[in-house]
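>>> sequence first, predicted coordinates after that:
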Amino acid sequence: MRQIVCISTTNYHPIPTRKQNVMNRLSDAEILYIDPPVSWIAPLKDKNARERLFKWKRPGERVKDNITVYAAPPVLPFFNKYRWINRINQRRQARFIRQKIREHGFDRPYIWCYSPNSCDCVDLLEKRGLIYDCVDRHSAYKGMITPAVVDKMEEELARKADMVFCTAEGLRETLEQYNENVKMIPNGAAYEIFSQVAAMGDKPVDPKKPVFGFVGMLQECIDYDCIRALAEKYPQGEVRLIGRTLPGVDVSALSKYPNVKFCGLVPQKELPEKIWDFDVCLNVFKEGRLSKDVSPLKFYEYLATGKPIVSTREPLQVSDFAHVVHVASGLEDFLKKCEEALCEEEPGRSQKAAERLEYGRKCSWDERVKQMEAILKEKQIFQ
């Protein structure tokens, strides 16, 4: 059985992202999943971070028969601004991971990582192979970072890796400059869960009282102007936002609209019932360096429901599905596309729904992980 240490950028609980979905589906593997560390000053911005400061001292959580989750020790802040701070932090992370490797009796496991910061950790770990799975343009995030520092760390990590996966074409073009073994594998969907929406049957659409729905984190790169415009155009309708508002993101301007509903986090298994009540699913991103190269899970999950989808032009991946998705250029066109999506009629609606479902199936996490494993075996990285 393969031994894998996943150094993640997302906590295993509560929201399944690419990291959990990939690790959950890797075959014949015993996995140590390392939740990302919080910085010592994180509680100043996010009160929920306080309880995570000392979570690393707790025993690991066995979340599946083959997956144990550990919280990483807290780190010094400003590690994305100053490389010397990252080196200090990663030496401590490496000591912690080595300890867990010994406790589980691992012998030179595969290291599977998601953050450029890991470039200063991986050389301190005995390993059979190194996989870097790049899911974002990390240097495009705002906050306490210096983009050149983050880009340099990513370059070094990519050069060290035996295999580099990435989620978007722009990321692939960058990473291929550093490593010849780069393969683009976009995000996917838990098809077995989200296809339940179609199995529930059609929901009658009332064009005068439509329900537009968004599922995902309310983060800075979301185009809130689109949401505001929808709320104004359809005062008798609703715009439902399912997801947590990230710290530092101001969505207070939307609060004045009574038909914008903040639904908070919803467990994944409960999402099909919520999405069934949507008339149109929204995939809305502001144009920018980060949005262009993102591979939104929500988009593939929407496809797996069969529901009509309206999307902004970014991320660029949506253009591959333009014949079954309403892709808008600008705010006025966005409102027009929402109206068109509401008016998808038989038999076109059924045909488009069937095509979206088929795309969702082909983009399932099961298929994505099969592709990854096949590539790793072909490259003789997985033995």
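Nice, I can see it. Residues are numbered from 1 along each chain as shown.
>>> list the helices and strands the helix or strand hosting residue 131 packs on?
Secondary structure from DSSP states H and E places residue 131 in strand 129-134. Contacts defined by 3 or more Cβ pairs under 8 Å, 6 or more residues apart in numbering; DSSP states H and E place strand 129-134 against helix 18-25, strand 110-113, helix 147-160, strand 163-166. All C-beta atoms are positioned from the backbone trio N, CA, C, and that covers glycine.
>>> turn those into a markdown table, columns for distance to residue 214.
Listed next are the helices and strands packed on strand 129-134 as a markdown table, based on distance: least, Cβ to Cβ, whole Å:
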| stretch | distance to residue 214 |
| --- | --- |
| helix 18-25 | 19 |
| strand 110-113 | 30 |
| helix 147-160 | 28 |
| strand 163-166 | 25 |
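>>> do you know which of those lies nearest residue 369?
Closest approach to residue 369 among these (Cβ to Cβ): helix 18-25, 4.1 Å.
>>> which stretches of the chain have low pLDDT?
The chain contains residues with pLDDT under 70 at 345-349.
>>> contacting residues for residue 314?
Neighbouring residues of residue 314 by Cβ atoms under 8 Å, 6 or more residues apart in numbering: 285-288, 291-292, 294.
>>> 10 Å - rerun?
Shown in contact with residue 314 (Cβ atoms under 10 Å, 6 or more residues apart in numbering): 221, 223, 283-294, 327.
>>> among those, which are in helices?
The helices, defined by DSSP state H, take in 289-292 from those.
>>> now the buried members of these.
Among these, those classed as buried by 16 or more other Cβ atoms under 10 Å are 290-292.
>>> okay if I get those as JSON lines plus distance to residue 129?
Shown next, in JSON lines, are these (distance: Cβ to Cβ, whole Å):
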{"residue": "290", "distance to residue 129": "29"}
{"residue": "291", "distance to residue 129": "32"}
{"residue": "292", "distance to residue 129": "30"}
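>>> quick check, nearest of those residues to residue 73?
Checking those against residue 73 with Cβ to Cβ, the nearest one is residue 290 at 28.2 Å.
>>> now the end-to-end length of stretch 50-60.
19 Å (Cα to Cα, to the nearest Å).
>>> confirm that residue 281 sits in a strand.
Yes. Residue assignment for residue 281, taken from DSSP: H, G, I helix; E, B strand; the rest coil, places it within a strand.
>>> now do the contacts for it.
Counting by Cβ under 10 Å, 6+ apart, residue 281 touches 197, 212-215, 275, 298-299, 301-303, 305-311, 325, 341, 356.
>>> and the two most separated of the contacts of residue 314?
Pairwise distances among the contacts of residue 314 were taken by Cβ to Cβ; the largest, 19.8 Å, belongs to 289 and 327.
>>> who does the strand or helix carrying residue 183 pair with, and is each partner parallel or antiparallel?
Using DSSP H and E, residue 183 maps to strand 182-184. If you go by DSSP bridges, strand 182-184 pairs up with strand 163-166 (parallel).
>>> roughly how far is whatever helix or strand comes next after the partner strand from the heart of the chain?
Where DSSP H and E defines the elements, the next helix or strand beyond strand 163-166 is helix 169-175. Remark: helix 169-175 is offset 17 Å from the chain centroid, using Cα atoms, centre = their mean, to the nearest Å.
>>> just checking, what packs against helix 169-175?
Under the contact criterion of 3 or more Cβ pairs under 10 Å, 6 or more residues apart in numbering; DSSP states H and E, helix 169-175 touches strand 129-134, helix 147-160, strand 163-166, strand 182-184, helix 289-292.
>>> tell me how far residue 375 lies from residue 162.
11 Å (Cβ to Cβ, to the nearest Å).
>>> mind checking which of the two has more residues around it?
Neighbours per residue (other Cβ atoms under 10 Å) separate residue 375 from residue 162, with residue 162 holding more: 19 against 16.
>>> that one and residue 230: what is the separation?
To residue 230, residue 162 is 46 Å away according to Cβ to Cβ.
>>> for residue 106, same thing?
51 Å.
>>> could you give the separation of the host helix or strand of residue 358 from the chain centroid?
When secondary structure is defined using DSSP H and E, the element that contains residue 358 is helix 348-362. The chain centroid and the centroid of helix 348-362 are separated by 23 Å, computed with Cα atoms, centre = their mean.
>>> run the angle between the next helix or strand after that helix and helix 348-362 for me.
Remark: after helix 348-362, the chain's next helix or strand is helix 365-378, criterion DSSP H and E. If you take axes from the mean of the first three to the mean of the last three Cα atoms, to 10 degrees, helix 365-378 sits at 40 degrees to helix 348-362.
>>> export helix 365-378 as CSV, just CAs?
Taking C-alpha atoms only, helix 365-378 is exported to CSV below (Å, rounded to 0.1, in the frame of the first residue of the first chain):
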residue,chain,number,x,y,z
TRP,A,365,-13.8,13.5,-9.1
ASP,A,366,-13.7,9.8,-9.7
GLU,A,367,-12.6,10.5,-13.3
ARG,A,368,-10.2,13.2,-12.3
VAL,A,369,-8.4,11.0,-9.8
LYS,A,370,-8.2,8.1,-12.3
GLN,A,371,-6.5,10.5,-14.7
MET,A,372,-4.0,11.5,-12.0
GLU,A,373,-3.2,8.0,-11.0
ALA,A,374,-2.8,6.9,-14.6
ILE,A,375,-0.3,9.7,-15.2
LEU,A,376,1.7,8.9,-12.1
LYS,A,377,1.9,5.3,-13.1
GLU,A,378,2.9,6.1,-16.6
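>>> tell me which other helices or strands that helix touches.
When contacts are defined as 3+ Cβ pairs under 10 Å, 6+ apart, helix 365-378 packs onto helix 18-25, strand 129-134, strand 163-166, strand 182-184, helix 191-194, helix 297-305.
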